[in-house]
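Q: coords below, sequence missing:
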């Protein structure tokens, strides 16, 4: 891959998209380059004004770490989802004053309680390309060395950036190792709760409506960001003052209608859209079906092992819920990718790209790199069944998993903290302690043995080439030996008692190593296999970081030849999506309309959670006094709306803006049909679900009144 | 009620409807009077042409007894639903030649097999008002005597009418005793099967899709009517010839689209739309909730009594399915009536009517009659809980129910056949024998005892005034006595063996009476209570027949004052409904579109019943060769469509006609939201589901070809 091609690639990434106008999680800097599409979709502003995410209006969009939010007043008022503020609402609830159940309105700033010491508002103030710096030392290296060079350079860049107090920095990798950006964020640590509706509004429908349309959820809450009197971030203090943000969004007072332009800014987590065709094929043909089968199997194992044992059922309820959720997600993703014919679509796309590449002058090196990526992936695939089972043996067990954790911690404690493995540094020890303490609430020896017996059964059914010597050493090589080993390990281990686990957490490395607890010894025996796997993974990751950019540049070049731009896969950096308010056809004969109304709340109301709309809300709906927030066409109050905006996990709370950049909604969910969008954006099925700001305004005006907040946002009182 | 008012009433019934143009199961003779509405809805023909149901085109619409069908060729070809012809399809199936599974095409007339000896095609040839004749002898009488006078007059009219061989006659009661019509039908007894699709098309979706939209079912089949060489009805004979119908429908070759005019003719069974407000209230506040609670209770009783007993579960599977279905229907009807706010709507309507009535000159007699109707209804309500429980004790038990049946049959056998109670005449004895034989497949003593114990528990909880002396005599008056009585009855009874039951069926009345089987004796003890209840019922029915016409005339007069006509509640006579092809909004945020396509078949296909679309169909869909049957807008093949036509049970197979009277669809189902339409037509939710004739034509042209039938119907070959 020549340097010339890299230059082409970066330019290509900035080219307009054509084929699928609604797909794309664009870096703001790409927006001027898709100006024609933005305008065609209905945007009325100047796309150039959106290009710098450290300048207004983009600088009004902030991260809460996992969620997105935005400033809506010059005095630090922040709007986000109810589910994003739920921890803070819970923290401030007592049996006497239950904010979750009853909601909360701080009548004055004095009454705004802390959202808790870990709550954050992160304002991005820097976004700089530092590709050369990050890759300088990596060039010429391969594998693990390439990985380590990037890791070291990144850590150095972050450390330098964080020298100024009050900032948090990270390096973001764009286009799978092609580009690196240093992101600098002001870290506001004094976050307070200003308003929350009752959860019977903010979480109306809960798990039943989760991922569903039509939706009727008032999933919003208000925070306020506070800083020290010097304007700099500070821990909670009574003396702190509201933060004056670099920008805030104007809330629209105009209606929202089918077909309207809409755009959304936020911090989407992870997507896999630009993965290779073979990775799509593996995800659909192996990863998702095998996960479905494995989780289904584990659920059956737990069900059988807890039959007639109510106590054990309670202990495993959370694990069962987690497995069920994982199974449902995997099945949803699988169904979606099949529905979208993803193997064929991505396969044909890649084949066209490779045909195009073959005609380019300097294709040979790129072709070789792409082949090398495939070889790395193939190598990983060769042991995928075994690797998955070995990982699950650790993640789905309490005693075995924690024995390994204790052994590993003892090992890492022998190193200087910065060199410790991620997850085993000093700052992680509290989490490890919590994990050791919760065993009592989640463990039954018969169930754990049954789970391991089942996983070992599957492991033994694999070809001999996939065997792990250490696993065989601990559990033997047939059913009888495995049963005997499990019986012996769990009968004699003392790890079932919290005192023993915590003693080992506090103990020195030598003492841990010397433990004669059979499960601790089993963990010690297994440890070399764990470490070996980690090394293999990091070596592969290094190779992929080195080689994938060739694939990405070829893809970008190919798209360029089609007149289309390429956005980087999502990586928790600020992205912008644009599109329209629109319904969808979930299946033949059914049309989802894009706006729901309070009528749906009445229809769904059963009086029982999660459809227990509060009386105040039902009375207000019956009363029909919707004032300035009523929809002029529907003649009633809207609740949620649907767009074709491109979102994924992390976009919760993202502001949805109209053609003039005014706030019209808060993103809070996707539809079930879109679960597969992390891999493939299918414009027929990908939708995002938003709270209509008019519903929020109506609730603040008429139902759970907060006239002071409406005034602060410069909105009509009714 | 003066005679003058009767004249007004009958005229009123012929007046145009205004308020709800899509509601109405009109007698054809009423159609010229709703001509303006028909035209406004889009009808392009002359409404006068539809007025005589014995003349073309209405004479093309025939009854199959329970289902509707229509002639579609001059050679006796009849089209109806697959589910209406299912018995005939089943009858002609063998393990080697499974017509249900594989479908059937008679390539020539020789190959058309008999639909069975009980299959009928009924062509209405007479429809004459005989009110004076029926009521002549009843006038001046009341109660049971009024009932018996009408019954005797009706039987005489029918006997006279049936003197000509080949005809079947009945008297239909319109407007609840206001008018009586003598209906004369040619009874074609040689019916043959000409075409049936595989049930994976004809019943695609089965119970899962039942009552559901969107729908993708090819619910159609073809019969051919045969008569003797003299043109008169005759039993099946090889020498019979195709019947030449008085009329046949032309199948449309034009597209069907949202908003198009549609009308439907058929034989709807029973509706309750013109029942009094108090009856609506009782249905919603007592009958449906009490049925839901009772059935739920019985289901729980069976569940408990069969726990851990797989054999008993199998024995009660059909009864459980029946109770579940009844519960679901009752709940659906209840939900629908509540959704439509039926108590308020019907109550306000009736109050307005009564206010109008009070201003009329001769209101007093009518008001007195209406009060008298209410008194009869109130009297019935006073013992409704007891009556329901007593009825269910008989209908939901095998041994007790059959013991009563045997005792009753012995009693009735002592009378001349025409005077025997309906259900116990000679022609009913085969059915009684079948009922006695099936006990073995549906009975377990522990479960029957549990059911009776539960029903008796509920019975004993009723006020003492509702007690039945005979029930107390058999089962005692407290829990202990009931348990002891049940144990004793079922331990000693020999009715659990088929031989004993059949012996009692063959035995003479005295021998039955003398049986010392404890359950037979219990039945003998209970019999006077059964007979007493029957007498009370018939007396009430007589009074209602006498008095309700006053209510109906008042209603008709009131509607007349609003410029609206009134159709009689459905009673299995030919009715016509008109309206439009239209979608619906089942709930906030969701819109059902009115046309489904073959895409939905592919989406629903799982390969397993009931979504196991045949390969030939799937291949044809994938092939996309829809020829002249493709929808010009959707560019694909439609399957089913939705209208707002007014239908109920009995309308299965009804032809759906376009603005020019051409056949565009076959009615086969309603949507779930419309279950309550038997009581109240709510235009927001009442829809009818039809097979699109274009789907039928495509299947006949391209998938399971029957070019000879297309030619016979004068339709394009592809």
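A: Okay, I see it. Computed from a predicted structure; not experimentally measured.
Q: going forward, measure contacts between C-alpha atoms and count neighbours the same way
A: Fine.
Q: point out where chain A drops to low pLDDT.
A: Along chain A, segments meeting pLDDT under 70 span A:1-22.
Q: following the chain onward from the longest helix along it, which element is next?
A: Longest helix of chain A, by residue count under DSSP state H: helix A:518-561. As assigned by DSSP states H and E, the chain's next helix or strand after helix A:518-561 is strand A:575-580.
Q: what is that following strand packed up against?
A: Applying 3 or more Cα pairs under 8 Å, 6 or more residues apart in numbering or on different chains; DSSP states H and E, one finds that strand A:575-580 contacts helix A:35-41, strand A:261-266.
Q: what sits against residue A:191?
A: Residues counted as contacts of residue A:191 (Cα atoms under 8 Å, 6 or more residues apart in numbering or on different chains) are A:114-116, A:119-121, A:223-226, A:236.
Q: hmm, 10 Å instead?
A: Residues near residue A:191 by Cα atoms under 10 Å, 6 or more residues apart in numbering or on different chains: A:76, A:78, A:88, A:112-121, A:223-227, A:235-236, A:242-243.
Q: filter those residues down to the ones in helices?
A: Among the contacts of residue A:191, DSSP H puts residue A:88 in helices.
Q: show me which of the contacts of residue A:191 are buried.
A: A:76, A:78, A:88, A:112-116, A:119-121, A:223-227, A:236, A:242-243 (16 or more other Cα atoms under 10 Å in any protein chain shown).
Q: which phi and psi does residue A:184 have?
A: When read as degrees, to the nearest 10, the backbone of residue A:184 gives phi -120, psi 130.
Q: tell me the bridge partners for it.
A: Taking DSSP bridges, one obtains residue A:126, residue A:169 as the residues bridged to residue A:184.
Q: wait, doesn't it sit right on residue A:159?
A: No - using Cα atoms under 10 Å, residue A:184 is not in contact with residue A:159; the gap is 11.3 Å.
Q: which of those two has more neighbours?
A: A direct count of neighbours by other Cα atoms under 10 Å in any protein chain shown for residue A:184 and residue A:159 places residue A:184 higher, at 22 against 14.
Q: OK, contacts around the more buried one?
A: Residues in contact with residue A:184 (Cα under 10 Å, 6+ apart) are A:54, A:122-128, A:158, A:161-162, A:167-171.
Q: what about it, distance to chain B?
A: Computed as Cα to the nearest Cα, to the nearest Å, the residue A:184 to chain B distance reads 42 Å.
Q: tell me the gap between the host helix or strand of residue A:194 and the middle of its chain.
A: Using DSSP H and E, residue A:194 maps to strand A:190-196. In terms of Cα atoms, centre = their mean, to the nearest Å, the centre of strand A:190-196 is found 23 Å from the chain centre.
Q: immediately after that strand, which helix or strand?
A: Where DSSP H and E defines the elements, the next helix or strand beyond strand A:190-196 is helix A:199-202.
Q: is the helix or strand just after that next one in proximity to chain B?
A: For helix A:199-202, the following helix or strand on the C-terminal side (DSSP H and E) is helix A:206-209. No - counting by Cα under 10 Å from any Cα of the partner chain, chain B is not contacted by helix A:206-209; separation bottoms out at 13.1 Å.
Q: contacts only, for residue A:700.
A: A:105, A:195, A:197, A:694, A:706-710, A:717-718.
Q: now residue A:676: how far from residue A:72?
A: 32 Å (Cα to Cα, to the nearest Å).
Q: of the contacts of residue A:700, which belong to helices?
A: Among the contacts of residue A:700, the ones falling in helices (DSSP H) are A:694, A:707-710.
Q: that older thread, any common contacting residues for residue A:184 and residue A:159?
A: Residues touching both residue A:184 and residue A:159 by Cα under 10 Å, 6+ apart: A:168-170.
Q: name the member of those residues with the most neighbours.
A: residue A:169 (22 neighbours).
Q: hmm, that residue is touching residue A:123, no?
A: No - judged on Cα under 10 Å, residue A:169 makes no contact with residue A:123 at a distance of 11.2 Å.
Q: hey, what's in contact with both of the two?
A: A:184-187.
Q: and the contacts of residue A:184, which of them are buried?
A: Burial by neighbour count, 16+ other Cα under 10 Å: within those this picks out A:54, A:122-124, A:126-127, A:158, A:161-162, A:167-171.
Q: so which two of those residues are the farthest from each other?
A: Spanning the widest gap among the buried ones among the contacts of residue A:184 are A:54 and A:158, at 18.2 Å by Cα to Cα.
Q: list phi and psi for residue A:674.
A: Backbone torsions of residue A:674, given as degrees, to the nearest 10, read phi -100, psi 10.
Q: what's the neighbour count on it?
A: Residues lying near residue A:674 (other Cα under 10 Å) number 26.
Q: how about the closest residue in space to it that isn't next to it in sequence, secondary structure?
A: Leaving aside its chain neighbours, residue A:674 sits nearest to residue A:686 (4.7 Å; criterion: Cα to Cα, 6 or more residues apart in numbering or on different chains). Of the three states, residue A:686 takes coil under DSSP: H, G, I helix; E, B strand; the rest coil.
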